[in-house]
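Engineer: Generate a structure from the sequence data that follows.
(2 chains)
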Amino acid sequence: MQLTNRSKQVSNKEMTLMERAYLPAIATGLAITIKHFFAKKVTIQYPEVKRYLGPVFRGRHILKRDEDGRERCTACGLCAVACPAEAIQIVAAEREKGEETLYREEKYAAVYEVNMLRCIFCGLCEEACPKQAVYLRHDEFVPVFAERDQVIWGKDLLVEDMNNRYTREAWTKEEARALDLKRASGEVTNVVPRAIP
Amino acid sequence: MDLTEFLIKTATIFVVFVLTLVIAMYSTWGERKVAGFIQDRMGPNRAGPGGLLQPLADAGKMFFKEDFIPALANKWLFIAGPSLAMLTALLASAVIPFGSTFRINGHEVALQGVESNIGILYVFGVVALGVYGIMVGGWASNNKFSLLGAIRAASQNISYEVAMGLSLIAILMMSSSLSLGEIVAQQHGGNWNIFYQPLGFIIFITCSFAECNRVPFDLPECETELVGGYHTEYGSMKLGFYLFAEYINMFISSAIISVLYFGGYNYPGMDWVYSQLTQAFGTETGHNAATLIGTAVFFGKALFFIFFYMWVRWTIPRFRYDQLMNLGWKKLIPLAIFNIIITGAAVLFLKPLVTAWLN
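Structural biologist: Numbering: from 1, shown residues only, chains lettered A, B, ... in the order given. A predicted model of the protein is given here:
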């Protein structure tokens, strides 16, 4: 089977004088390397510049609020059941009177914890959620842990900030680029996703 | 020699010493930068702007590592190895003419550590001693890999020194002087030796690659065969000295190449610059300024050859050991002898003809 046309028959022919002199071959090699010396570098300066990972990248979790700022999660536990790594733990609670502005449903998650060491970022929780409450962000990673107690993320880290909502405006790379350009030119002024605490 | 002359000499030697060290230090940075650029990467760029503080960080790391001497090593020779390597590497820069002359209060002092009339022989003698550093260190480690690496380095250096010396004889036949200052002075006015000795230059530069243990002749160090070669047992600043000596050698040989073949501090149009400067600033300041420009040009040439060393390193794969020996003994030495014969014939027959025709 032949995959490319680049394969060459090995030849045991005697080298010509040109080939035995080494120097022309070395000069060719030097020309190639100097071309690369001046070529554009492919490096992305990571912490300062982040590569766009695509609109469906599965980064860290977020618990969405609805447009009135109420938590969407109803603590049904489907995400925890769907999770193959058993990374999600939920403690449900009933909504009291007067808490209607906080929680959309009558039952809510008093505790919602994701163990980020167990999580495999498969996105099955997203799929399982009947309330569109849990999402994996396309624009933020889970950062490196320095301490053990940073591993389990509670609601303080997971619930969406109403001042800095997570929306996924761009669904393709081109759309994302166009959006970045609009942000740069000041046409779009919504807040860029915050850095992870 | 009176006080002024002595002071200028001291200053020159000190500046040359510091410059050699700084250039060697920044060669490590340059090496990594060039490697990165050639491989489409950025190279070190985190420590300081453009990674410029990287050598300092590396040196600091080297200094603070544990200074370890293996139990069965010969302690004094183990320490003497890197010291010798460093010493011989630094000694060689004494006779290199870094510029023409400096004039202060009517004294005229050459920008050269020692104005020796056997300069090139001195360089060869000192550089040949460099192999002792490697040999002593490799032997004192009491480790078979180190010893084999050292033997490889020694045999390689000795075999290539022959061809190097022979390629040089052609230059000496043309200049009829062993003094480096004299050789440079003769190349004044675009009369660079490279135009007369292209073959000699190729032989010389190939041999200096081998002498500096640089790719494609970096056989003394070989991960797969010899672990780390002669410095397998070395760590801390002793290893640092070995690596440092290698970079100093690289700078010295670059300087020697530019002195022997590329006119040293001479550059096209230097007479015009000289007359302009002396007219503008007077004979003393103008002369000194012209000398400094020449020195800058010299360092530019030397740095270009350092870059060339690196460029070649990231281009060519290494030779096998038998290929290395074949190239040294069976190709370069006959070529060098052939070059001597050609040069001799040209000096004897062609030169009178050409001078007669020109007149």
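Engineer: And B:Leu219, how far from chain A?
Structural biologist: Using Cβ to the nearest Cβ, to the nearest Å, B:Leu219 is found at 17 Å from chain A. For the C-beta atoms, the positions are set from N, CA and C on the backbone; glycine is no exception.
Engineer: helix, strand or coil for that residue?
Structural biologist: coil (DSSP: H, G, I helix; E, B strand; the rest coil).
Engineer: Please look at it and B:Met325 and confirm they touch.
Structural biologist: No: judged on Cβ atoms under 8 Å, B:Leu219 makes no contact with B:Met325 at a distance of 9.8 Å.
Engineer: Between these two, tell me which one has more neighbours.
Structural biologist: A count of neighbours by other Cβ atoms under 10 Å in any protein chain shown puts B:Leu219 above the other of B:Leu219 and B:Met325, at 24 against 16.
Engineer: Who are the contact partners of residue 87?
Structural biologist: Using chain A. A:114-116, A:118-120 (Cβ atoms under 8 Å, 6 or more residues apart in numbering or on different chains).
Engineer: was after chain B, sorry
Structural biologist: B:Leu87 is in contact with B:Gly133, counting by Cβ under 8 Å, 6+ apart.
Engineer: Distance of it relative to B:Gly181?
Structural biologist: To B:Gly181, B:Leu87 is 24 Å away according to Cβ to Cβ, to the nearest Å.
Engineer: next one: B:Thr315
Structural biologist: Counting by Cβ to Cβ, the gap from B:Thr315 to B:Gly181 is 34 Å.
Engineer: what does B:Leu21 give?
Structural biologist: 23 Å.
Engineer: more neighbours, these two?
Structural biologist: Using other Cβ under 10 Å, the more surrounded residue of B:Leu21 and B:Gly181 is B:Gly181, with 22 against 15.
Engineer: element containing that one?
Structural biologist: helix B:180-186 (DSSP states H and E).
Engineer: what's that helix packed up against?
Structural biologist: Judged by 3 or more Cβ pairs under 8 Å, 6 or more residues apart in numbering or on different chains; DSSP states H and E, helix B:180-186 is in contact with helix B:119-140, helix B:144-175, helix B:236-261.
Engineer: Among those helices, show me which one is buried the most.
Structural biologist: Highest mean neighbour count among the helices and strands packed on helix B:180-186 (mean count of other Cβ atoms under 10 Å in any protein chain shown): helix B:236-261, with a mean of 24.
Engineer: and after it, which helix or strand comes next?
Structural biologist: Defined by DSSP H and E, the subsequent element after helix B:236-261 is helix B:270-313.
Engineer: then the helix or strand following that next one to CSV, C-alphas only?
Structural biologist: Sequence-wise, the next helix or strand downstream of helix B:270-313 (DSSP H and E) is helix B:321-326. In CSV, the C-alpha atoms belonging to helix B:321-326 read as follows (Å, rounded to 0.1, in the frame of the first residue of the first chain):
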residue,chain,number,x,y,z
TYR,B,321,34.0,7.9,14.3
ASP,B,322,35.6,6.1,11.4
GLN,B,323,34.3,8.7,9.0
LEU,B,324,35.8,11.4,11.2
MET,B,325,39.2,9.7,11.2
ASN,B,326,39.0,9.0,7.4
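Engineer: who's in contact with helix B:321-326?
Structural biologist: Applying Cβ under 8 Å, 6+ apart, the external contacts of helix B:321-326 come out as B:152, B:155-156, B:159, B:210, B:217, B:219.
Engineer: quick one: pLDDT of the closest residue to A:Phe141 other than its chain neighbours?
Structural biologist: Take A:Phe141 and drop its neighbours on the chain: the residue closest to it by Cβ to Cβ, 6 or more residues apart in numbering or on different chains is A:Gly59, 5.3 Å away. We have a pLDDT of 87 for A:Gly59.
Engineer: ok, now the one 5 residues further on?
Structural biologist: In the predicted model, A:Lys64 carries a pLDDT score of 90.
Engineer: Quick check, it in contact with A:Cys129.
Structural biologist: No: look at A:Lys64 against A:Cys129 with Cβ under 8 Å: they stay out of range, at 9.2 Å.
Engineer: Can you tell me the SS state at the residue nearest to A:Phe141?
Structural biologist: Going by three-state DSSP: A:Gly59 is coil.
Engineer: Please determine how far it is located from chain B.
Structural biologist: On the measure of Cβ to the nearest Cβ, A:Gly59 and chain B end up 25 Å apart.
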